[in-house]
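3D model of this:
(2 chains)
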Amino acid sequence: GAVVSQHPSRVICKSGTSVKIECRSLDFQATTMFWYRQFPKQSLMLMATSNEGSKATYEQGVEKDKFLINHASLTLSTLTVTSAHPEDSSFYICSAGSTDQPQHFGDGTRLSIL
Amino acid sequence: DAKTTQPTSMDCAEGRAANLPCNHSTISGNEYVYWYRQIHSQGPQYIIHGLKNNETNEMASLIITEDRKSSTLILPHATLRDTAVYYCIVRARGANNLFFGTGTRLTVIP
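Take a look at the predicted model:
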C-alpha cells in the first residue's frame, strides 16, 4: 500500500488564489520531505526540501515567497502556491523517506490555474 | 551526484524481458544506483537499488558492472502495465534527495 499520501489529486482554480497541497507519510516519521514539479513531457524538478521544525531549503530559481512550505510534524508537509497564475499550472509531487532508504512518492497533484 | 545517461525510448514485446541500460561513468564509491519508474500521471514508483552487487526483488533485477560505470534494469516478463518512463538515478550514501534525468520511455507492445 501507499506509504506517502498526497492530497488533493487535482485542483482547478482561478488566477490569484492560493492553493495548499498536503503530503503525509503514512508508515514512518519523516524529518525531511521533498517537493517536485513536473511540466508536461519533462522530468521531475526538485523545488525544495522540507525540514521538520525548521525552514525549507529551496532550489535555485524557486521563489520561497511564492511556494510556502510548512513541515509542522513528522508526518505532514504542506506546499502552498500563493497567488497562483496560469504559469504555475503543473504536476506537483512530494516524496519522503529516511537517509539511505528509498524515497517514496505521493501520487501527485495536478494543478490547473485558469 | 553523478550524471546518468539513458536511451530516450525503447520498445519491448509483451512477455519478453525488458533490459534497460544506464551509464553512470562518473559514479563514486559511496553512490548507489536507484531505479524508479513513472506511469503516466502518477508519482514515481521505487523499483530497486544497489551499490555494487547485483540485486533482485519481486519487480526486477539490477545488474551493475564490475567497474560500476553502467547498470541494466531487467524486467523479466514485461507486461502492458510496465509501460512507463524509467529513471536511473545515482544517489550518494547519506543523501536524501533524488535528481531525475530524462529517463527511458519503455513501451510494451502486445
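
so what's residue 9 scoring on pLDDT?
In the absence of a named chain, this looks at chain A. The score at A:S9 is 96. That number is its pLDDT.

you looked at the wrong chain, it should be chain B
pLDDT, read off for B:S9, is 97.

My read is that it contacts B:R105, right?
Yes: with contact defined as Cβ atoms under 8 Å, B:S9 counts as touching B:R105 (4.4 Å). For glycine as for every other residue, the C-beta is placed from the backbone atoms N, C-alpha and C.

Which residue of these two possesses the greater neighbour count?
Taking other Cβ atoms under 10 Å in any protein chain shown, B:S9 and B:R105 do not tie; B:R105 has more neighbours (16 against 11).

Now do the SS call for that one.
Three-state call for B:R105 (DSSP: H, G, I helix; E, B strand; the rest coil): strand.

Quote the end-to-end distance of stretch A:41-56.
Start-to-end span of stretch A:41-56 (Cα to Cα, to the nearest Å) is 27 Å.

do that stretch and chain B meet?
Yes: shown here: stretch A:41-56 in contact with chain B (Cβ under 8 Å from any Cβ of the partner chain) through A:S43, A:L44, A:M45, A:L46, A:T49.

Low-confidence stretches in the chain?
No chain in the question, so chain A it is. A:1-2 (pLDDT under 70).

was after chain B, sorry
In chain B (pLDDT under 70), the answer is B:1-2.

and it, which residues reach chain A?
So chain B meets chain A at B:34, B:36, B:38, B:41-46, B:49, B:87, B:93-103 (Cβ under 8 Å from any Cβ).

Strands along chain B, start to end?
In chain B, the strands defined using DSSP state E lie at B:9-13, B:18-23, B:31-38, B:45-50, B:55-56, B:61-64, B:70-75, B:84-92, B:104-109.

now the third one against strand B:45-50, angle please.
Okay, so that is strand B:31-38. Interaxial angle, strand B:31-38 versus strand B:45-50 (axes from the mean of the first three to the mean of the last three Cα atoms, to 10 degrees): 160 degrees.

try the second one
Here the directions of strand B:18-23 and strand B:45-50 differ by 60 degrees (the same axes, to 10 degrees).

Show residues contacting strand B:18-23.
The contact list for strand B:18-23 (Cβ atoms under 8 Å, 6 or more residues apart in numbering or on different chains) reads B:4-7, B:10, B:12, B:33, B:35, B:69-75, B:78, B:82, B:86, B:88, B:104, B:106, B:108.

got the buried residues for that strand?
Neighbour-count burial for strand B:18-23 flags B:A18, B:L20, B:C22, B:N23 (criterion: 16 or more other Cβ atoms under 10 Å in any protein chain shown).

Show me what residue of chain A gets nearest to chain B.
Here chain A gets closest to chain B at one residue, A:F105, 3.6 Å apart by Cβ to the nearest Cβ.

who touches that residue in this structure?
A:F105 sits next to A:V4, A:I93, A:C94, A:S95, B:Y36, B:G43, B:P44, B:Q45, B:Y46 when contact means Cβ under 8 Å, 6+ apart.

Run the chain-centre distance for stretch B:36-51.
Stretch B:36-51 has its C-alpha centroid displaced from the chain centroid by 8 Å (Cα atoms, centre = their mean, to the nearest Å).

Repeat that for stretch A:85-103.
With Cα atoms, centre = their mean, you get 5 Å for stretch A:85-103.

start to end distance for it?
Stretch A:85-103 end-to-end distance (Cα to Cα) = 30 Å.
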